[in-house]
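Undergrad: Coordinates for the following, if possible.
(one chain, ligands or ions: 1)
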Amino acid sequence: MAKIFLYRANTSRNVLEAKCAMTSWVQEATATHFLPRRSNSKHVNAEGYRYPANRRYVTKLLQNLGKPQPKESSINKSQKLMLYNEIVEHSHPGCYFVLPLGLRALEKLTKIIDEEMQMIGGEKIAVPTISPCELWKKSGRWQSTGPELFKLEDRHGQMYCLGPTHEESVTKFLASLSLSYKRLPIRVYQISRKFRDEINPKNALLRGREFEMKDMYTFDIDESSAKETYHTVCHAYSQIFNRLNLPYIKVEGDTGNIGGHLSHEYHLQSTVGEDTLLTCNKCSFKSNKELVGDKERSSFCSLPEKECELKESAGIEIGHTFLLGTKYSSVFNSTYFDKDGKTRLTQMGCYGIGISRLLQASIEVLSTDKQIKWPQLIAPYQICIIPQMSGFKSEEFFKLAEDMSDDLNTLTYLNREIVIDDRIHMTIGKRLYEAKRIGYPHIIIIGEKALGNPAIYEIIDTFLDKEPEFLTLEQLRDKLSTIITI
Ligand SMILES: [Zn+2]
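TA: Okay, here's the model as predicted:
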């Protein structure tokens, strides 16, 4: 059987060679095809069988697929899907384990955010999580934040908090530098765990007490360049959400406890959301309802009352931007030297994206009740290969699945993106159902036709929700070459 696969690989060589992305595959699909690829990087499974380290089997994933579906009606769709499919597991109130599938998605999401932040000159740093109370007293937020601030005391009686954001620390650090106007703007960011002592943590990652967040802090020479930075970061936010294909909405936001004088929020509209958004279909008005308060409609919409179409909807906040002015730079004396050598205060901005919340919010808005739909780019694995159930010639089907997985792994962009569902004691139908439920964007079935001439493989594109396609190996490769990964 291996020979047929190899033969098919060679017949399509010319076509494939035209595609530079495929080059490594073509090279691999020659005589060395079935030799071990990386002899020094092998895993040993329970039976002592050695296989390439980048091959993944469903039975080797930390997953308990047979567990009962959560019944509680109090939990939302994404929470149900994430618990049922072992994306996350509850630990204690407001705190969750992120399991291997979930963490793969979260890491991909982080990578996208890193790329877009660095594209606009963002420099990544790590800020201490434990923040001394003096800093917070100085900004006034030790008192104003309220009981949400996680406070702790060390053995010397010194008080600290676990930072929910880090304006204080970062501004104090910048203030310690002697900066020339030529060095500005400065755009630093970090991606780390943040903490908030929620009175009522709920909806899993949507409102937890510990969460993953990206926070960027920017420092400019004057208001107009700070505004420019503000728009640049907002544009990067649009890029992030567009790359994820998310139907986000940007509204005017409340500056709240962070402060400042210009602020926008990014939301995914969903009934699970805790914010109320007010949007007008006729003018460009979009705002968090909090911000509008008791204001007269005429103060924000220029249209006559009859023409204005205000609509309320619920949103999950996934990002927030603030133009801060000198609110923090004046407190911590973050300054720079201007052209004439005079000392001036920096103009600041701060910008957050709740990464773990974004992960769940995406699942909430894209998925059906029965199937997870990830933003394709961050699906934990792009491809699931399901070989024929055990029975006649099942070893050959299984070998085909492994060879296909090994071959696809040689493509840089698909490396480690493939899982083989090796539970061949189960029917294809049962495994297909589960693969769809977990949300693999592409599912390849190696059924009876794979032993035909030509060999035909069934491929299901779970994102487009179209009928399955029956393709030759060459066609299959063409199709898979369009997958974009991060
Ligand atoms: Zn209006």
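
Undergrad: so the residue most central in space within the chain, which of the three states?
TA: When C-alpha atoms, centre = their mean is applied to the chain, the residue found nearest the centroid is residue 109 (2.7 Å). Here residue 109 is recorded as helix under DSSP: H, G, I helix; E, B strand; the rest coil.

Undergrad: Neighbours of the residue lying closest to it once chain neighbours are set aside, how many?
TA: Counting by C-beta to C-beta, 6 or more residues apart in numbering, residue 109 lies nearest to residue 378, which is 5.1 Å off, once chain neighbours are set aside. From N, CA and C alone the C-beta is placed, and that goes for glycine too. Per other C-beta atoms under 10 Å, the neighbour tally for residue 378 reads 22.

Undergrad: need the residues of the stretch 251-400 of the chain near the ion, please.
TA: Within the stretch 251-400 of the chain, the positions lying close to the ion (C-beta under 5 Å from the ion) are 280, 282-283, 285, 301, 303, 308.

Undergrad: In strands only, show me the residues you listed.
TA: Residues of those located in strands (DSSP state E): residue 280.

Undergrad: Is it possible to mark the buried ones in the residues of the stretch 251-400 of the chain next to the ion?
TA: 280, 285, 301, 308 (16 or more other C-beta atoms under 10 Å).

Undergrad: The residue nearest to residue 109 contacts residue 105, correct?
TA: Yes - taking contacts as C-beta atoms under 8 Å, residue 378 lies within contact range of residue 105: 4.7 Å.

Undergrad: before we move on, back to that, same list, the buried ones among the residues of the stretch 251-400 of the chain next to the ion, but as CSV with distance to residue 363 please.
TA: Output for these, formatted as CSV (distance: C-beta to C-beta, whole Å):
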residue, distance to residue 363
280, 29
285, 30
301, 34
308, 34
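
Undergrad: Pick out the most distant pair among the residues you listed.
TA: 285 and 308 (8.2 Å; C-beta to C-beta).

Undergrad: Between these two, which contacts overlap?
TA: Here residue 285 and residue 308 have residue 301 as joint contacts, going by C-beta atoms under 8 Å, 6 or more residues apart in numbering.

Undergrad: By pLDDT, rank the buried ones among the residues of the stretch 251-400 of the chain next to the ion and give me the bottom one.
TA: Lowest model confidence among these falls on residue 301, which carries 79.

Undergrad: can you pull the contacts of it?
TA: 280, 282-283, 285, 308, 310.

Undergrad: wait, which of those residues is closest to residue 165?
TA: residue 285 (27.9 Å).

Undergrad: Touching, that closest one and residue 292? I think so.
TA: No - taking contacts as C-beta under 8 Å, residue 285 lies outside contact range of residue 292: 9.2 Å.

Undergrad: Name the residues contacting each of the two.
TA: Common neighbours of residue 285 and residue 292 (C-beta under 8 Å, 6+ apart) are 278, 300.

Undergrad: counting residues per strand, which one in the protein is longest?
TA: Assigned via DSSP E, the chain shows its longest strand as strand 310-325.

Undergrad: how about that one: buried residues?
TA: Those would be 310, 313, 315-325, for strand 310-325 by 16+ other C-beta under 10 Å.

Undergrad: Give the rounded mean pLDDT of the following helix or strand past that strand.
TA: With elements assigned by DSSP states H and E, the helix or strand that comes after strand 310-325 is helix 329-332. Here helix 329-332 scores 97 as its mean pLDDT.

Undergrad: What of stretch 205-220?
TA: Computed over stretch 205-220, the average pLDDT equals 97.

Undergrad: Quick one: the strands in the stretch 151-300 of the chain, in order.
TA: 159-162, 186-195, 210-220, 248-252, 262-269, 275-280, 286-288 (DSSP state E, counting those that start in this stretch).

Undergrad: Just say which of those is most tucked in.
TA: Across the strands of the stretch 151-300 of the chain, averaging neighbours per residue (mean count of other C-beta atoms under 10 Å) puts strand 210-220 on top, at a mean of 24.
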